[in-house]
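> quick one, fold the following:
(one chain, ligands or ions: 1)
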Amino acid sequence: MSRRRAKTRPHRQSKEPQAARKRRSPPWSVIGVLLAIGVIANVVVWSRPAAGPAADYPEYTVELVARGEQAFLANCAVCHGPDGSGDAAAGVPALNGSMHAWHHPDSQIAGLIRRGGIQMPAVGPDWSDEDITAVLAYVKQWWSPEQRTFQAEVSRANP
Ligand code: HEC
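As a prediction, the model looks like this:
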C-alpha cells in the first residue's frame with residue numbers, strides 16, 4: 001500500500017496544475033440543471049394555494065375577551081403574571097405561547113381552575129362555563145394561530 005502511494009505521488013503532483021485548471025472552469029451542464037431545479041421549485045412554491053395548515057380555532061368576541069382579562073388580572077395574574085409569562089423561580093408556568101399551556105384541552109384547564117392542580121389552588125370552584133371560556137379567551141390571545149389551531153383540535157378530541 002505505502003509503496004504504491006510512494007510511486008504514484010510524483011505522477012499526481014505533475015497532474016495538479018491541470019486539475020486546478022479543470023476546477024476553475026465551471027461545469028455548465030451542472031449549473032444549468034441547478035438553475036432549472038431552482039426555477040421549477042419557485043414555480044411550485046408560488047403556485048401553491050396557501051402555505052401551512054389553515055387556521056381553525058374558535059374566535060371570541062371583544063366583550064368576552066375583556067371580561068376574561070378582568071378575571072385573569074383578579075385571579076391568575078398574582079401567580080402567572082399580568083402578561084402570562086409565569087414565574088420560573090416559583091415554579092409557576094407561563095401561560096403564553098412560550099411554554100406548553102397551549103397543549104392542554106379547554107376541559108383540562110377548566111378542571112385546573114375549578115379543582116386546582118398540584119400546586120395551583122382551585123381559584124374558581126364555582127365558575128360557570130362562561131367564566132372559564134372568558135378567561136381562556138384572554139389567555140389564548142397570547143398564542144399563535146398555529147398554537148390555537150393545535151389547541152382547538154386537542155380540545156375537540158378531549159371534550
Ligand atoms: C397561587 C398561584 C396560582 C394561581 C392564582 C393560578 N395558578 Fe395556574 N398554575 C399555578 C401553578 C403552580 C401551576 C403548575 C401546575 C400545578 O401546580 O398544577 C399552574 C398551572 C396552570 C396551567 C397549566 C399550564 C401548563 O403549562 O401546564 C394553566 C392553564 C393555568 N395554571 C391557568 C390558570 C388560570 C387561568 C388561573 C386563573 C383563573 C390560574 N392558573 C391561577 C399557579 C397558579
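> what helix or strand is Val65 on?
Take DSSP states H and E as the rule and Val65 turns out to sit in helix 62-75.
> got the contact list for that helix?
With contacts defined as C-beta atoms under 8 Å, 6 or more residues apart in numbering, helix 62-75 is touched by 60, 82, 84, 123-124, 131, 133-139, 141. In this view, the C-beta of every residue, glycine as well, is placed from N, C-alpha and C.
> can you rerun that using 7 Å?
Among residues not part of helix 62-75, those counted as contacts by C-beta atoms under 7 Å, 6 or more residues apart in numbering are 82, 123-124, 131, 133-139, 141.
> what do you get for stretch 105-121?
For stretch 105-121, with C-beta under 7 Å, 6+ apart as the criterion, the contacting residues are 91, 122-125, 127, 132, 136, 154-155, 158-159.
> what's the spacing between Arg148 and Asp83?
According to C-beta to C-beta, to the nearest Å, Arg148 stands 18 Å off from Asp83.
> looking at those two, which is more packed in?
Under the criterion of other C-beta atoms under 10 Å, the comparison of Arg148 against Asp83 puts Arg148 first, with 20 against 11.
> state the distance from Ala94 to the ligand.
7 Å (C-beta to the nearest ligand atom, to the nearest Å).
> can you list the domain ranges for the protein.
2-46, 62-157 (automatic domain parsing).
> tell me which of the ones you listed sits most buried.
Sort the domains of the chain by mean neighbour count, taking mean count of other C-beta atoms under 10 Å, and domain 62-157 sits at the top with a mean of 16.
> just the pLDDT for the closest residue to the ligand within the chain.
Among the residues of the chain, Gly117 lies closest to the ligand, at 2.0 Å counting by C-beta to the nearest ligand atom. Per-residue confidence (pLDDT) for Gly117: 97.
> lovely, talk soon.
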